[in-house]
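Undergrad: Build the 3D model from these lines:
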Amino acid sequence: MKKNLSMPLHTQLTDQLMELIREMGSHEKLSSERELCQQFHVSRTTVRKSLAELEDLGYIYRKHGQGTFVSGLWKRKQNLLDSYNYNQQMLNLGKVPSHQIEYFGLVQAHKKVADCLHIKEQDLVYKIKRLRLADDEAMMFETTYLPAQLFPKLTQEQIQEKGLYKTLEQEYGQQIIYADELFSAGQIGENVAEYLKQPISTPCLNIRRETYNQDRKIIELTFTTARSDQFSYKVRHFNTYLE
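TA: Residues are numbered from 1 along each chain as shown. Okay, here's the model as predicted:
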């Protein structure tokens, strides 16, 4: 395997195995750890780290005493850029979607943001506040933080024209690999209540989103407050260990 010194070895192996898996059939058996070590000229530790990441991403599953197999679930996953398409969801409901950027600017990162983005406290980040609407009715409010050093000269106009993720990928070469989202019930705070035009302490759905690039580094942190009377989420879990 040709090694890239700027990227962890197990991450490079993960990317190569992803390409291999895309050519394989569902439930097809993957080579053993020993065979992968020999094929890619890496240590068993590197192989195990890579397989663990592939399992977390839903590309493979393991059967005790039998080996590692291609999951097939990854084929059912949408591109992350489309995985939550607010505009399409609203159109499907017969509503006209829109959004407003309420704030766009550079600020110093406070501790919680800095810790998540793995930058220093007080480092500059872009802070973006967006209000999403349907038929001109406020539906959800988002606050996004982006490390300024990764996105020099980012403009509000770029985001309005292309959208956030397409801008990050097309203008800055930040390929989005996956995102983690944490959902929790909450109450609308005073500042957000003003945007959503809801009474303070109205029940809401809070979403924390961390987005990872091709180097498995967090490049975006977003906090979303969604009206609980307008949104519900359905999650389906697959049992990949069935015969």
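
Undergrad: where are the low-confidence patches of the protein?
TA: Applying pLDDT under 70 to the chain flags the ranges 1-6, 72-85, 232-243.

Undergrad: same thing but at 50, please
TA: Counting by pLDDT under 50, the chain has low-confidence residues at 78-80, 82-83, 242-243.

Undergrad: Mind splitting it into its structural domains?
TA: 9-75, 80-227 (automatic domain parsing).

Undergrad: Tabulate the ones you listed (JSON lines), appending mean neighbour count.
TA: Every residue, glycine included, has its C-beta placed from N, CA and C. JSON lines is the format used below for the domains of the chain (neighbours: other C-beta atoms under 10 Å):
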{"stretch": "domain 9-75", "mean neighbour count": "16"}
{"stretch": "domain 80-227", "mean neighbour count": "16"}
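
Undergrad: List the contacts of the residue sitting nearest the centre point of the chain.
TA: Taking C-alpha atoms, centre = their mean, the centroid of the chain lies closest to residue 179, which sits 1.9 Å from it. Counting by C-beta atoms under 8 Å, 6 or more residues apart in numbering, residue 179 touches 80, 209, 210, 211, 212, 220.

Undergrad: ok, now residue 116?
TA: 145, 210, 218, 221.

Undergrad: give me that answer again for 6 Å
TA: By C-beta atoms under 6 Å, 6 or more residues apart in numbering, the contact set of residue 116 is residue 221.

Undergrad: does it sit in a helix or strand, and which one?
TA: For residue 116, the host element (DSSP states H and E) is helix 111-117.

Undergrad: how about that helix as CSV, C-alpha atoms only?
TA: Only the C-alpha atoms of helix 111-117 are listed here, as CSV (Å, rounded to 0.1, in the frame of the first residue of the first chain):
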residue,chain,number,x,y,z
LYS,A,111,-14.3,26.0,25.3
LYS,A,112,-17.1,23.6,24.3
VAL,A,113,-16.7,24.5,20.6
ALA,A,114,-12.9,24.4,20.7
ASP,A,115,-12.9,21.0,22.4
CYS,A,116,-15.2,19.5,19.8
LEU,A,117,-13.3,20.9,16.8
